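Trainee: pasted the sequence and its predicted model underneath.
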Amino acid sequence: MRTVSNMIAVVTRETRLEGLKQRWGTSNQADFLLGAAVKHEVERRRQVRARRGIAVSETDLCEFADSAIELTDREVYEEEDAQYNESLQQLYRELDLGIPVREVDRSFLANFDFGRCLAVVVIGQDGLVANVAKYAGDLPVIGVNPDPLRYDGVLLPFQVREARAAMQRVMKQQARFEPITLAEVNTITGQRMVAFNDFFVGCRTHASARYTLEADGRRESQSSSGVLISTGAGATGWMSSVFNMAAGISRFTTDSELPRLSLARDERKLMWAVREPFVSRHSSADNIMGILNDGDELVLGSLMPTQGVIFSDGVEDDFLEFNSGNIATFSVSEQQARLVVG
């Protein structure tokens, strides 16, 4: 049972600049290592030209440096960081509605008690909304775009200046919502997880995953680099890479384009695909893709003694162990995300 709603949760995540500082300790150290990376890349490209007997001019060296700097441009990181923090401070001013506001870093989502919240405001990239939705339950989720010039904002319908009005509509129960279909997995060990975009099932390392797969009454043993189970929201994400690979192979071998499957975000269906299936004496690849309608199940049984995992929405640190003897059932979840759109 949910306790009394008495706060607004604002979910944030570190900027790339903050990530650099955490990795390298100080701004000066980060600057030094970024500069060293540029010099290393320029020298690498010069040596490649030299091995081919191609002369390198000063203009070439400048072009090498410009290209390398694009990958390590500290000014871009600083601009992103400044814009994000400015937007965050403005957001707090917009949400000054007489209700306590609690900031929650992305890394603490799995342990935060959302049952105390009236709503969840997400300020970041689209992927942060996906990370939040599976923990927020049926709470209204308000996606705020902190940097419209950099972020597409597919799941971030509001500018910072619009957050106050959006929250007021939620408080008055006048907000418009888009229901988002979630995927769900349940294991025989009693564990449950939901996904906004997708599930990955496989091995923690780059070793092949071994498992049995059962769908549409067909069951087979497989060995692959993992299985993806995607919602409509995730169909343009990780799952799209499967279609990209298949389309590229089709163009190369037959000079034709394969059609792509798509699902609406509120459609009560999932799609699944096996990544890089391997055929051997012990594994087959007859059943490598399908659609799960509401009420259908995809059942996977682990044949991996160790390192088997299930995680959702790209969050590898929050995973379910999926080792030998464990069986996981994937289906359309009864739980839906409620994305505020107006």
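Mentor: All right, it came through fine.
Trainee: C-alpha from now on. contacts and neighbour counts both.
Mentor: Fine.
Trainee: least confident secondary structure element in this protein?
Mentor: Sorting the helices and strands of the chain by mean pLDDT, DSSP states H and E puts helix 58-71 at the bottom, at a mean of 62.
Trainee: buried residues in the helix or strand following that helix?
Mentor: Counting by DSSP states H and E, the next helix or strand C-terminal to helix 58-71 is helix 74-94. Under the neighbour-count criterion of 16 or more other CA atoms under 10 Å, helix 74-94 has 74, 77, 80-81, 84, 87-88, 91-92, 94 buried.
Trainee: what does stretch 91-107 give?
Mentor: Within stretch 91-107, the residues that qualify as buried by neighbour count (16+ other CA under 10 Å) are 91-92, 94-95, 101, 104, 106-107.
Trainee: right, and the pair among these with maximum separation?
Mentor: Put simply, by CA to CA the two of the buried residues of stretch 91-107 set farthest apart are 94 and 107, 24.4 Å from each other.
Trainee: CSV for the buried residues of stretch 91-107, including distance to residue 134 and pLDDT?
Mentor: Below are the buried residues of stretch 91-107 laid out as CSV (distance: CA to CA, whole Å; pLDDT from 0 to 100):
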residue, distance to residue 134, pLDDT
91, 23, 97
92, 24, 96
94, 26, 97
95, 23, 96
101, 21, 95
104, 15, 95
106, 12, 90
107, 14, 88
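Trainee: just those now: which is nearest residue 294?
Mentor: The closest of these to residue 294 turns out to be residue 106 (CA to CA; 30.4 Å).
Trainee: three-state assignment of residue 50?
Mentor: Secondary structure for residue 50, judged by DSSP: H, G, I helix; E, B strand; the rest coil, is helix.
Trainee: what about it, neighbour count?
Mentor: For residue 50, the count of nearby residues is 12 (other CA atoms under 10 Å).
Trainee: count of neighbours near the residue lying closest to it once chain neighbours are set aside?
Mentor: Excluding the flanking residues, the one nearest residue 50 by CA to CA, 6 or more residues apart in numbering is residue 56, at 7.6 Å. When neighbours are counted by other CA under 10 Å, residue 56 registers 13.
Trainee: helices of the stretch 101-250 of the chain, residue ranges please.
Mentor: Along the stretch 101-250 of the chain, counting by DSSP state H, counting those that start in this stretch, helices occupy 126-136, 163-171, 238-254.
Trainee: where in the stretch 101-250 of the chain is pLDDT low?
Mentor: Low-confidence segments of the stretch 101-250 of the chain (pLDDT under 70): none present.
Trainee: so which strand or helix has the residue nearest to residue 50?
Mentor: Under DSSP H and E, no helix or strand contains residue 56.
Trainee: and it, what are its phi and psi?
Mentor: Residue 56 has phi and psi values of phi -120, psi 120 when expressed as degrees, to the nearest 10.
Trainee: could you list the residues in contact with stretch 146-163?
Mentor: Outside stretch 146-163, the residues that touch it by CA atoms under 8 Å, 6 or more residues apart in numbering are 83-84, 87-88, 90-91, 94-95, 123-126, 129, 142-145, 341.
Trainee: would you mark the buried spots in it?
Mentor: For stretch 146-163, the neighbour count (16+ other CA under 10 Å) marks 146-147, 153, 155-160, 163 as buried.
Trainee: check the helices of the stretch 101-250 of the chain for me and report the most buried one.
Mentor: helix 126-136 (a mean of 22; mean count of other CA atoms under 10 Å).
Trainee: what packs against that helix?
Mentor: Contact here means 3 or more CA pairs under 8 Å, 6 or more residues apart in numbering; DSSP states H and E; on that basis helix 126-136 packs against strand 117-123, strand 140-145, strand 192-195, strand 327-340.
Trainee: pick the most buried one from those strands.
Mentor: Comparing the helices and strands packed on helix 126-136 by mean neighbour count (mean count of other CA under 10 Å), strand 140-145 comes out on top with a mean of 27.
Trainee: partners of that strand, with directions?
Mentor: Sheet pairing here is set by DSSP bridges, and for strand 140-145 it gives strand 117-123 (parallel), strand 158-159 (parallel), strand 327-340 (parallel).
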